[in-house]
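Q: Fold the following, please.
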Amino acid sequence: MIAAHEAAVLDAGGVVVRYGQFYGPGTYYESTPPEHPRIHVDSAAARTMDLLDAPSGTAVVVDPA
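A: Residues are numbered from 1 along each chain as shown. Below is the predicted model of the structure:
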(Lines give C-alpha, C1' and ligand atoms only; values in the text may rest on other atoms or scores of the structure.)
Protein backbone atom coordinates (compact mmCIF):
# COMPACT_ATOMS: atom_id res chain seq x y z
CA MET A 1 0.00 0.00 0.00
CA ILE A 2 2.78 2.45 0.87
CA ALA A 3 4.56 1.72 -2.41
CA ALA A 4 1.42 2.64 -4.34
CA HIS A 5 1.11 5.95 -2.49
CA GLU A 6 4.76 6.76 -3.04
CA ALA A 7 4.47 5.90 -6.74
CA ALA A 8 1.45 8.21 -7.05
CA VAL A 9 3.40 11.07 -5.44
CA LEU A 10 6.33 10.54 -7.78
CA ASP A 11 4.04 10.24 -10.82
CA ALA A 12 2.56 13.63 -9.87
CA GLY A 13 6.06 15.15 -9.69
CA GLY A 14 6.17 15.30 -5.89
CA VAL A 15 8.72 14.38 -3.27
CA VAL A 16 8.41 11.27 -1.12
CA VAL A 17 9.92 11.88 2.32
CA ARG A 18 10.90 8.89 4.42
CA TYR A 19 11.57 9.82 8.04
CA GLY A 20 13.40 7.90 10.73
CA GLN A 21 11.68 7.42 14.07
CA PHE A 22 10.86 10.80 15.57
CA TYR A 23 12.24 11.73 18.97
CA GLY A 24 12.13 14.86 21.10
CA PRO A 25 9.37 16.95 22.69
CA GLY A 26 5.86 15.65 22.05
CA THR A 27 6.96 12.25 20.77
CA TYR A 28 6.96 8.79 22.28
CA TYR A 29 10.73 9.12 22.70
CA GLU A 30 10.85 12.47 24.52
CA SER A 31 13.96 11.85 26.61
CA THR A 32 15.75 8.82 25.15
CA PRO A 33 16.39 8.57 21.41
CA PRO A 34 15.30 5.33 19.71
CA GLU A 35 17.59 3.13 17.64
CA HIS A 36 18.62 4.27 14.18
CA PRO A 37 17.15 5.27 11.85
CA ARG A 38 15.89 8.23 13.86
CA ILE A 39 15.42 11.98 13.50
CA HIS A 40 14.86 14.72 16.09
CA VAL A 41 11.57 16.52 15.43
CA ASP A 42 13.31 19.91 15.15
CA SER A 43 15.77 18.55 12.58
CA ALA A 44 12.93 16.87 10.69
CA ALA A 45 11.03 20.17 10.48
CA ALA A 46 14.06 22.11 9.25
CA ARG A 47 15.03 19.50 6.68
CA THR A 48 11.45 19.23 5.45
CA MET A 49 11.44 22.96 4.74
CA ASP A 50 14.52 22.44 2.53
CA LEU A 51 12.59 19.81 0.54
CA LEU A 52 9.72 22.13 -0.40
CA ASP A 53 11.60 23.22 -3.54
CA ALA A 54 13.33 19.90 -4.20
CA PRO A 55 12.97 18.15 -7.54
CA SER A 56 10.76 15.08 -7.70
CA GLY A 57 12.29 12.06 -6.01
CA THR A 58 12.67 10.29 -2.70
CA ALA A 59 14.38 11.85 0.33
CA VAL A 60 15.42 9.95 3.43
CA VAL A 61 15.46 12.20 6.51
CA VAL A 62 17.42 10.65 9.39
CA ASP A 63 20.12 11.64 11.86
CA PRO A 64 23.67 10.66 10.93
CA ALA A 65 24.48 7.20 12.22
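Q: Tell me who's in contact with the most centrally placed residue in the chain.
A: Taking CA atoms, centre = their mean as the criterion, Tyr19 is the residue nearest the geometric centre of the chain, at 2.6 Å. By CB atoms under 8 Å, 6 or more residues apart in numbering, the contact set of Tyr19 is 39, 44, 61-62. Backbone N, C-alpha and C define where each C-beta goes, glycine included.
Q: Including pLDDT and neighbour count, could those go into a markdown table?
A: A markdown table is the format used below for the contacts of Tyr19 (pLDDT from 0 to 100; neighbours: other CB atoms under 10 Å):
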| residue | pLDDT | neighbour count |
| --- | --- | --- |
| Ile39 | 98 | 23 |
| Ala44 | 98 | 20 |
| Val61 | 98 | 18 |
| Val62 | 98 | 16 |
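Q: for the residues you listed, which one is nearest Ile2?
A: Ile2 has its nearest neighbour among the contacts of Tyr19 in Val61, at 15.9 Å by CB to CB.
Q: buried ones in the strand or helix carrying Ala3?
A: Secondary structure assignment for Ala3, by DSSP states H and E: helix 2-11. Within helix 2-11, no residue is scored as buried using 16 or more other CB atoms under 10 Å.
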